[in-house]
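Visitor: Just the structure for this:
(one chain, ligands or ions: 2)
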Amino acid sequence: MADCELCGVARPTLCPVKVKDLSVIAAYPGGTWRGINEECLNRCHEANIDRTPIKAKKCDLCGTRNVPLFQVKIQIPIFQEPYQRDANKAMCESCFEACEDTIKRREAEKQESHHL
Ligand SMILES: [Zn+2]
Ligand SMILES: [Zn+2]
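Guide: Ligands and ions are numbered 1, 2, ... in the order given. Here you go, the predicted model:
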């Protein structure tokens, strides 16, 4: 099991998103992988379309500071009614692009398995 980097939900498999974490970019110039679950991936996709600016210090996915950030509305499961709560996360443009890449890659994989 692994925890989603955005909502913290544990899942057997997560969607890998390749982000540019500037704090380790020297060691990993090609980017580093972050795991998020499918729900959050879809929320990132919606947020990428809406592009609602949010005031935050850093991107919640890659940790980059001093870049334009956008609001991502996610739902965090809780153990009492109503069993989930809304939370806002901040994400940068490069992470949005990374999410879109992941979505495209997943769709391509689905197509391939369809043809087999
Ligand atoms: Zn999540
Ligand atoms: Zn980011």
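Visitor: For this structure, what lies in contact range of ligand 2?
Guide: 59, 61-62, 92, 95 (C-beta under 5 Å from the ion). Yep, even glycine has a C-beta here, placed from its N, CA and C like the rest.
Visitor: end-to-end on stretch 14-29?
Guide: 23 Å (C-alpha to C-alpha, to the nearest Å).
Visitor: Kindly report the same for stretch 52-72.
Guide: Note: stretch 52-72 ends 8 Å apart using C-alpha to C-alpha.
Visitor: Do stretch 33-50 and ligand 1 come into contact?
Guide: Yes: applying C-beta under 5 Å from the ion, one finds stretch 33-50 in contact with ligand 1 at 37, 40.
Visitor: Can you list the buried residues in that stretch?
Guide: 34-37, 39-41, 43-44, 47-48 (16 or more other C-beta atoms under 10 Å).
Visitor: Over to stretch 50-57?
Guide: For stretch 50-57, using 16+ other C-beta under 10 Å, the buried residues are Ala56.
Visitor: before we move on, what about stretch 63-81?
Guide: 63-64, 69-72, 74.
Visitor: so what's Cys15 up against?
Guide: The contact partners of Cys15, taken as C-beta atoms under 8 Å, 6 or more residues apart in numbering, are 35-38, 41, 102, 106.
Visitor: cutoff 10 Å now
Guide: 4, 34-42, 44, 99, 102-103, 105-106 (C-beta atoms under 10 Å, 6 or more residues apart in numbering).
Visitor: Contacts only, for the nearest residue to it once chain neighbours are set aside.
Guide: Ranked by C-beta to C-beta, 6 or more residues apart in numbering and with sequence neighbours excluded, the top spatial neighbour of Cys15 is Leu41, at 4.9 Å. Contacts for Leu41 (C-beta under 10 Å, 6+ apart) come out as 4, 6, 14-15, 17, 99-100, 102-103, 106.
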